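Asker: I'll drop the sequence and a predicted model, then ask my questions.
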Amino acid sequence: MSENREITEKITTEEIEKIDILNLLAAFWNGVKKLWVLLALIVIICTLRSYFSTSFSYTPQYVASATVSVTTPGGGYTNTKSAQEMAAIFPYVLTSGVLQDVVVSDLGLDYLPGSINVKAEEDVNMITISVSSNDPQMAYNVLHSVIENYPQVAEYIFGQTSLQILDETGIPSDTQRETVIRGSYKRGAVQGIIISGVILCLYVFLKRTVHSKDQIKKRINIKDLGSLPYVRQKKRKKEENNNINLLNERIPPFYEEAFRRLRIRVMRELEQRNGSVIMVTSSVPGEGKTTVAVNLAVALAKQGKSVILVDCDPRNPSVKAAMQNEENHEGIGAVLRGEISIESALSKVQEENMDLRILYGGEPDNEDAALLGSRKMGEIVKTLRRHADYVILDTAPAELLVDASLLVKHADSVLYVIRCDYTKMGRIKRGVEVLSMRNAKILGYVFNGDTNHKESRYGYGYGYGKYSSYGRYGHYGSYGRYGSYSRRGRLKDTGKTEDEYGRVLKE
C-alpha cells in the first residue's frame, strides 16, 4: 500500500520541468531521423516550385546604357558642375513628365515603354544614362532619344549644355536570366528549410515523447527492469523471417541477450513478491506489449519453466499474429462464456525442451472484454496457476481502455511496457495512475525499442503497428470500481538460488 501511495503521489504532482538542453537536442535529432524524408521532400518541392514559378513568370529586362560627357560654354569646372546638377535634377525632370512627353513624341509612341535612370560620375563631367525595357531595340531607341532631348528639357534650369557619347552598350541582350534563375533555387531552398524547421519544432514541442529512461526516472517512481534495443528492419521475402519472436532463428543475439536480462529480473522480483501471475500492459497501442509478453513467455519456457500465455485482449487479440499461428482457436471469450473448457482451449507450442501453452484471444469481440473482471475470469486464472510456474496475461493498453483495470485483481504483478520516443509522458503517467488506483503491484517497466543503444543501428528491426490497432474502439467512459486487489497463491519452486540467476547471463 505504501508503495502504491508513493507512486500515486509522485505521478499526480504537477512539476515544473526545467528545459534540458541535451534532451532537447536529442529530441530534435530524433525528430530529424524520423521526419528526414518529409523534411527533404519539402525542401525539394519548395526549390522546384520557386524554379518553375520564376521560369514561367520571368520577363526579360534589357538595359541599354551610355556614358556621356557634359559640356557647357564655360568649360572646366562648369562642365563637372553641370554634370552633377543634371544627375541631381533628373528625378524631378522625370517626375514632371516633360522628358517622357518629349521622348514619346520623338519616337512616335503612345507611352514610354521602359524606365530611365541617370547617374553622375564623381569629380568628372560624365553621366551614365540607362534605359530598361522588355524590348532590346526599344531600350536602345529610347536611350538615344534621351541623350538627344535631355539637354533641351533641362536648359531652363542650368543653361545651355550638350551631351557627347563616350561609350555605349549598343542593342542590349538579356544577361539577367541566369542570375535570376540561380537566385530562385536559393530562395526556394531557404523557404523549404524554414518550413521544415517550423514543422520540426512543432513535432518536437507538441509530441514531447519519452526518449530516455532518465525522463521516466524523474517523473514516475516505478522500477527500471531494463531496455530492449530497437534494431532496423530488413526486407525479407518470407514473412516468418520478419517475426520478432525468440523462436525465430534470425533474431539478433543482442536482442536475445536483452530478454535474458529481463527474464532474470522478472523472476527475481516475482520470487521476492511471492507471485506467479504477470500482467503485461502499456499506455497506448503500438508500444510492443504483445511482443514483450510473447518473448517473455518464450524466455521463461526456455529456462525450463512451465508457462501459460493468455491473450486477454478480446477487442484486438494479437498473440496469434505474434506467434504466426494460422490455426483457428476458440479463444478466451469462449472459455469465459462456458462454451469450452480451459484444457481444450490451451494450445501447446511445439518446441523441444519447452513447456509453453497459449490461450489465444479468438475472434475480436468487444462484449467479451466486459467479462475480464468477472468471477469466471478469477476462476480461470486460479486454475492456470495450478498448471504452470508462470502465467502471463497480455492485456489492452491501460490508459486507453478499462480492460487492464479489470484484470488487475487477478494478477500478482504488472509489467509496464514503455516504447522509446513513442508515447507522451502524460499518457504514461495516467496509465500508471489508473493501475495504482486499483492497488496494482507494478513490477516495473521495460523500455522497449531503445534507440539509445549503439547496437540498435544494426541487425533485424521491428515495428509494432500491425499488432496494435485500437483506433476503432474510441473511449469507453469512466473506469468505475472493479474491486480491490488481493495477492494469491505462491511462486512455484524455481530450483535456483540468487547466485544462479546471475550465471544465466553467460548462457
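Answerer: Cool, the structure landed.
Asker: Show me what the longest helix anywhere in the chain is packed against.
Answerer: Identified as the longest helix of the chain according to DSSP state H is helix 21-57. With contacts taken as 3 or more CB pairs under 8 Å, 6 or more residues apart in numbering; DSSP states H and E, helix 21-57 sits against helix 177-207. Using the backbone N, CA and C atoms, a C-beta is placed for each residue, glycine as well.
Asker: and the direction of the helix it packs on versus that of helix 21-57, what angle?
Answerer: Angle between the axes of helix 177-207 and helix 21-57 is 140 degrees (criterion: axes from the mean of the first three to the mean of the last three CA atoms, to 10 degrees).
Asker: helices or strands up against helix 177-207?
Answerer: helix 21-57.
Asker: From the chain's centroid, how far away is the helix it packs on?
Answerer: 13 Å (CA atoms, centre = their mean, to the nearest Å).
Asker: residues of that helix that come out buried?
Answerer: 26-28, 30-31, 35, 39, 42-43, 46-47, 50-51, 54 (16 or more other CB atoms under 10 Å).
Asker: and stretch 64-84, what's its mean pLDDT?
Answerer: Stretch 64-84 carries an average pLDDT of 73.
Asker: and that stretch, how far apart are its ends?
Answerer: 21 Å (CA to CA, to the nearest Å).
Asker: same deal with stretch 205-220?
Answerer: 21 Å.
Asker: which parts of it are buried?
Answerer: Quick answer for stretch 205-220 (16+ other CB under 10 Å): Lys207, Thr209, Val210, His211, Ser212, Lys213, Gln215, Ile216, Arg219, Ile220.
Asker: What mean pLDDT does it get?
Answerer: Rounded mean pLDDT across stretch 205-220 is 83.
Asker: Any chance of CSV for the buried residues of helix 21-57, columns distance to Glu122?
Answerer: Shown next, in CSV, are the buried residues of helix 21-57 (distance: CB to CB, whole Å):
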residue, distance to Glu122
Ala26, 58
Ala27, 57
Phe28, 52
Asn30, 59
Gly31, 55
Leu35, 55
Leu39, 50
Ile42, 48
Val43, 45
Cys46, 43
Thr47, 41
Ser50, 38
Tyr51, 40
Thr54, 36
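Asker: what's the closest of these to Asn134?
Answerer: Nearest to Asn134 out of the buried residues of helix 21-57 is Thr54 (CB to CB; 16.0 Å).
Asker: quick one, what contacts that closest one?
Answerer: Thr54 makes contact with Val180, Ile181, Gly183, Ser184, according to CB atoms under 8 Å, 6 or more residues apart in numbering.
Asker: Out of those, who's the most crowded?
Answerer: Most neighbours among the contacts of Thr54, by other CB atoms under 10 Å: Ser184, with 20 neighbours.
Asker: Around the residue nearest to Ala396 when sequence neighbours are not counted, how many other residues sit close by?
Answerer: In space, Ala396 comes closest to Asp403 once its chain neighbours are excluded; the distance is 4.0 Å by CB to CB, 6 or more residues apart in numbering. For Asp403, the neighbour count with other CB under 10 Å is 23.
Asker: got it, and Glu121?
Answerer: Glu121 has 16 nearby residues by other CB under 10 Å.
Asker: Glu351 too?
Answerer: Using other CB under 10 Å: Glu351 sits among 12 other residues.
Asker: Ramachandran coordinates for Leu228?
Answerer: As for Leu228, its main-chain torsions (degrees, to the nearest 10) stand at phi -110, psi 120.
Asker: all strands of this structure, in order?
Answerer: 62-71, 115-120, 126-133, 162-168, 224-229, 277-282, 306-312, 347-348, 355-359, 390-395, 413-419, 442-450 (DSSP state E).
Asker: between the ones you listed, which one is nearest to Ser105?
Answerer: Going by CB to CB, the one of the strands of the chain nearest Ser105 is strand 115-120, 15.1 Å.
Asker: Need the residues that contact the closest one.
Answerer: 83-84, 86-88, 90, 94, 99, 126-133, 142, 146, 150.
Asker: quick revisit: what mean pLDDT does the longest helix of the chain get?
Answerer: According to the model, helix 21-57 has a mean pLDDT of 86.
Asker: My guess is Arg187 contacts Arg49. True?
Answerer: No. Between Arg187 and Arg49 there is no contact under CB atoms under 8 Å: 10.2 Å.
Asker: what's the spacing between the nearest residue to Pro317 once chain neighbours are set aside and Leu228?
Answerer: Counting by CB to CB, 6+ apart, Pro317 lies nearest to Gly361, which is 2.4 Å off, once chain neighbours are set aside. Separation of Gly361 from Leu228 (CB to CB, to the nearest Å) stands at 23 Å.
Asker: now Ala88
Answerer: 79 Å.
Asker: Which of these two has more residues huddled nearby?
Answerer: Under the criterion of other CB under 10 Å, the comparison of Ala88 against Leu228 puts Leu228 first, with 27 against 12.
Asker: got the contact list for that one?
Answerer: Counting by CB under 8 Å, 6+ apart, the residues that Leu228 touches are Tyr255, Ala258, Phe259, Leu262, Gly288, Val292, Val446, Phe447, Asn448, Gly449, Asp450.
Asker: Would you confirm that the fourth one contacts Gly226?
Answerer: Right, the one you point to is Leu262. Yes. At 5.2 Å, Leu262 counts as touching Gly226 under the criterion of CB under 8 Å.
Asker: These two: which is more packed in?
Answerer: Between Leu262 and Gly226, counted using other CB under 10 Å, the more crowded position is Leu262 (21 against 18).
Asker: Look up the pLDDT of Ser318 for me, please.
Answerer: 91.
Asker: give me the number of residues near it?
Answerer: 25.
Asker: same check, this time on Cys312
Answerer: Cys312: 31 neighbours (other CB under 10 Å).
Asker: same thing with the one 10 residues further on?
Answerer: By the criterion of other CB under 10 Å, Ala322 has 23 neighbours.
Asker: which residue packs closest to Lys213, ignoring adjacent ones?
Answerer: Closest to Lys213 by CB to CB, 6+ apart is Phe447, at 5.4 Å.
Asker: and that neighbour, what does it touch?
Answerer: Counting by CB under 8 Å, 6+ apart, Phe447 has contacts Lys213, Ile216, Asp224, Gly226, Ser227, Leu228, Ile418, Arg419, Cys420.
Asker: Got phi/psi on the residue lying closest to the second one once chain neighbours are set aside?
Answerer: This means Ile216. Leaving out its chain neighbours, the residue that sits closest to Ile216 by CB to CB, 6+ apart is Val210, at 6.1 Å. For Val210, the backbone dihedrals (degrees, to the nearest 10) come out as phi -80, psi 120.
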